[in-house]
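Enquirer: pasting the structure only:
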């Protein structure tokens, strides 16, 4: 069964990006090979991606999920219909205003692999709808003070079980299971450890 997980690099104060969407702060820290190993193992298990963006900014401006290194179908939430786009071996399908349908379609496409949820608004909505099995965070040691929040405005408490924690050069890698989800037992069985 496919596991739906929120995947994000965040600052210690919980921001995905600076106030104008800038992410240059992600690259100012030393990393160890083990940091990349953690990211590579997660990326190798992704079978589909769900995010939020518009056709022009996401694809034509080069803001593609995972920089295009994850070759999996991408389902992007939109308020206006748009034809699917194929670029560099990745198909981008635009889903109008039906996040639950986008996640279900992504799960079907992913098969036994995982569905990665990207972006603050889409992540919060997926949590509110009970669609998320796990949360994977790569935390970098910086406080931005302001910016685009991953969980700000969620509006309710969601309890988590810690599955894994690791830290190497600078980043801290955190993995949690969302408590009380319908797929909890299946997620626990199928993702008890990341693939080597």
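Expert: Alright, I've got the coordinates. Keep in mind that what you see is a predicted model, and the values were worked out from it rather than measured.

Enquirer: Flag the helix or strand of this protein with the lowest per-element mean pLDDT.
Expert: helix 184-190 (a mean of 39; mean pLDDT, DSSP states H and E).

Enquirer: what about stretch 21-35, distance to the chain center?
Expert: Averaged C-alpha coordinates place stretch 21-35 at 17 Å from its chain's average position (CA atoms, centre = their mean, to the nearest Å).

Enquirer: Determine how far stretch 120-138 lies from the middle of the whole chain.
Expert: With CA atoms, centre = their mean, you get 8 Å for stretch 120-138.

Enquirer: same thing with stretch 14-30?
Expert: The answer for stretch 14-30 is 16 Å, by CA atoms, centre = their mean.

Enquirer: Now do that stretch: everything it contacts.
Expert: 8-11, 119-120, 140-142, 144, 146-152, 169-171 (CB atoms under 8 Å, 6 or more residues apart in numbering). In short, each C-beta sits where N, CA and C put it, glycine included.

Enquirer: buried stuff in it?
Expert: For stretch 14-30, the neighbour count (16 or more other CB atoms under 10 Å) marks 14-18, 25-26 as buried.

Enquirer: hey, where'd the helices end up in this structure?
Expert: For the chain, the helices defined by DSSP state H occupy 33-44, 55, 99-110, 120-128, 184-190.
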